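> model this:
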Amino acid sequence: MIYLNDRNEKYIEFIKYYTSKGIHISRKGLIEIYKDSTTEPQKEYIIKLLSLNTELLHHKVIPFYTVTGRDNIKGGSITGITKKLWKTILSPPEGYVYALYDFCQQEPAIAACFAGDHELFEAYKSHDLYEVIGLEPELETLSRTDLKKLVLPYLYGQRIESYCLDTGSDIETVRLYFKALNRKFHKVNHWLNQRCQQAFMEEYIHCLDWQMKVTQFSNPLTIRNWPIQAAGADILRRACLGLFDKGIDLRLTNHDSFLVQIKVERFDMENQQIINILQNSCKQVLFGKSLNVKLEAIYESHCGVKK
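Numbers count the residues shown, from 1 in each chain. The predicted model follows:
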């Protein structure tokens, strides 16, 4: 259930406005990455984009689509294509760049904040959290990519057996991985379990902008994960409206990422302004704490990625 407050009504109107502007893409670039694609899902996304027969892509965004209040993108979208290939697809108008911003390790950081795990949150603020987690003896052999693939399913309560089925991993090895994560996330696990129990007793769960009815038939894992994803959606809505209020030309969002169009001569000024707005949106949700923001990439007019 949505709270129909002024902010949410403004956000719904904002969605209509920013999606009407579109994103400039290169059909030549799409054809190029289609030829090199090795996965069928990605090929299907590219075919869908090519079938639109346009170089100004308009995303159809449905606000408050999921049970956690996240938006959903319907139809053709670049979000179905791995970000490392966006440099071949995106082609902003001459004199502009597209800049992609991202909240670093958003979900484990939100969990640490809500759980009051100050040690874990400070490790996140000063380092790459996955690298810190990787210092646990049982996890030292894992790459950062492997750690990320391990931590998020663990955080959301996936069972060891299920994780092994999904990944083809050895069960005894994964038991050791989960044992290490239990040590690292013991405060987070306690808070998530406690919050889940509270939701079943009160028969609903809520965040700042959104609430959901909880019944005896509700999936406990869904309820356990709910506060983290819902908080991420709260942050995104505040970030979008903050960018809009300052005249920042947002073109696309995807959970914790923001694609912005910026005039080249205004980049230095707007870059810091955008980072400040994104961090401030976190403070409104996370009791005055901010998440780390990364400028992930700068895309120039179909000449590739600058950073």
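
> For Val61, pull up the helix or strand it's in.
Per DSSP states H and E, Val61 falls inside strand 60-62.

> Chain neighbours aside, what residue packs nearest to Gly232?
Gln106 (5.8 Å; Cβ to Cβ, 6 or more residues apart in numbering). Quick note: C-beta positions are derived from backbone N, CA and C, even for glycine.

> I should have written Ala230 there, sorry.
Cys207 (3.9 Å).

> Return the distance of the one you found relative to Val132.
Distance check for Cys207 against Val132: by Cβ to Cβ, to the nearest Å, it reads 27 Å.

> Which strand or helix spans Arg251?
Counting by DSSP H and E, the element that carries Arg251 is strand 249-254.

> counting contacts, what elements does that strand pack onto?
Contact partners of strand 249-254 among helices and strands, from 3 or more Cβ pairs under 8 Å, 6 or more residues apart in numbering; DSSP states H and E: helix 220-245, strand 257-263.

> For those, give me a markdown table that also has mean pLDDT.
Conversion of those to a markdown table gives the following (pLDDT from 0 to 100):
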| stretch | mean pLDDT |
| --- | --- |
| helix 220-245 | 95 |
| strand 257-263 | 97 |
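
> Which one, of the ones you listed, ends up nearest to Asn292?
Go through the helices and strands packed on strand 249-254 one by one with Cβ to Cβ and the one that ends up closest to Asn292 is helix 220-245, at 12.8 Å.

> quick check: angle from that closest one to strand 249-254?
When axes from the mean of the first three to the mean of the last three Cα atoms, to 10 degrees is applied, the directions of helix 220-245 and strand 249-254 differ by 170 degrees.

> elements contacting helix 220-245?
Contacts of helix 220-245 with other secondary structure elements, assessed using 3+ Cβ pairs under 8 Å, 6+ apart, are made with helix 6-19, helix 106-114, helix 186-202, strand 204-206, strand 249-254, strand 257-263, helix 267-283.

> Just the angle for it relative to helix 186-202, thanks.
Computed by the same axes, to 10 degrees, the angle between helix 220-245 and helix 186-202 is 100 degrees.

> List the buried residues in helix 220-245.
Across helix 220-245, burial judged by 16 or more other Cβ atoms under 10 Å covers 222-244.

> Now stretch 182-195: average pLDDT?
Along stretch 182-195, the predicted confidence averages to a pLDDT of 96.

> Buried ones in that stretch, by neighbour count?
Within stretch 182-195, judged by 16+ other Cβ under 10 Å, the buried ones are 184-185, 187-189, 191-192, 195.

> Tell me which two of those sit farthest apart.
Using Cβ to Cβ for every pair in those, the one that comes out farthest apart is Lys184 and Arg195, at 18.9 Å.

> hmm, back to that, give the pairing partners of the strand holding Arg251; include direction for each.
In its sheet, strand 249-254 lies beside strand 257-263 (antiparallel), with partners assigned from DSSP bridges.

> Can you dump the C-alpha atoms of the strand it pairs with in PDB for me?
Extracted C-alpha coordinates of strand 257-263, given in PDB (Å, rounded to 0.1, in the frame of the first residue of the first chain):
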ATOM      1  CA  SER A 257      22.100   3.700 -10.200                       C
ATOM      2  CA  PHE A 258      21.400   7.000 -11.900                       C
ATOM      3  CA  LEU A 259      22.100   8.000 -15.500                       C
ATOM      4  CA  VAL A 260      22.400  11.700 -15.900                       C
ATOM      5  CA  GLN A 261      22.900  14.000 -19.000                       C
ATOM      6  CA  ILE A 262      25.300  16.800 -18.300                       C
ATOM      7  CA  LYS A 263      26.700  19.600 -20.500                       C
END
